[in-house]
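Novice: Quick one, structure for this:
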Amino acid sequence: MKLQSRSREEPEINVISLVDVLLVLVLFFMVSTSFLRETEISLRLPEANTEAAIAKPAEALEITITQSGTYLVNGRELVNNERRTLRAAISRLMGEKRDLPVFIRADAAATHQAVVTAMDVAGQLGFVKINIATVTPPEAKAQ
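Specialist: Below you'll find the model as predicted:
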């Protein structure tokens, strides 16, 4: 009896289908990725100056944020700390006047999220003159 050994074929990996799948994934991510930053708020950050103090206009919107995260709009405390409550209070108080400056006064220990929420609500309502109130440290006044 004569046994013949079969000729073994080398396994072959077809990479063409793999390349097709990768190309489709790259195209999907390119199309689905947004390159616009629509939620970005454009601010002009204030510089500390010991020579002149900026006077607050007679008619302006002032949002105060306490250490616990409570919002006060022009000195009146809101019933809760929700975004929609802040938005409603600003809308009711300012009406259609959107050209007035907004001053955000936050406690040093207030959370960053509370300050960003106040800036975001003011920006969404159409206010463009957003100022962040600061104080000059005593050691800077002496110099």
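Novice: only C-alpha atoms for contact and neighbour calcs from this point on.
Specialist: Will do.
Novice: Helices of this structure, residue ranges please.
Specialist: 16-32, 83-94, 112-124, 138-141 (DSSP state H).
Novice: what sits opposite Ile63 in the beta ladder?
Specialist: In this entry, Ile63 is beta-bridged to Val73, Ile104, by DSSP bridges.
Novice: how many neighbours does it have?
Specialist: For Ile63, the neighbour count with other Cα atoms under 10 Å is 25.
Novice: How about the contacts made by it?
Specialist: Applying Cα atoms under 8 Å, 6 or more residues apart in numbering to Ile63 gives the contacts Tyr71, Leu72, Val73, Asn74, Gly75, Val102, Phe103, Ile104, Arg105, Ala118.
Novice: Give me the distance between the fifth one and Ile63.
Specialist: Looking back up the chat, that one is Gly75. Shown here: Gly75 relative to Ile63, a distance of 8 Å by Cα to Cα, to the nearest Å.
Novice: Ok, the second one next?
Specialist: When Cα to Cα is the yardstick, Leu72 and Ile63 sit 6 Å from each other.
Novice: Give me the local confidence score for Glu40.
Specialist: The model reports Glu40 with a pLDDT of 52.
Novice: ok so, going back, adding mean pLDDT, write the helices of the chain out as JSON lines.
Specialist: Output for the helices of the chain, formatted as JSON lines (pLDDT from 0 to 100):
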{"stretch": "helix 16-32", "mean pLDDT": "90"}
{"stretch": "helix 83-94", "mean pLDDT": "91"}
{"stretch": "helix 112-124", "mean pLDDT": "91"}
{"stretch": "helix 138-141", "mean pLDDT": "56"}
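Novice: Nothing else from me, thank you.
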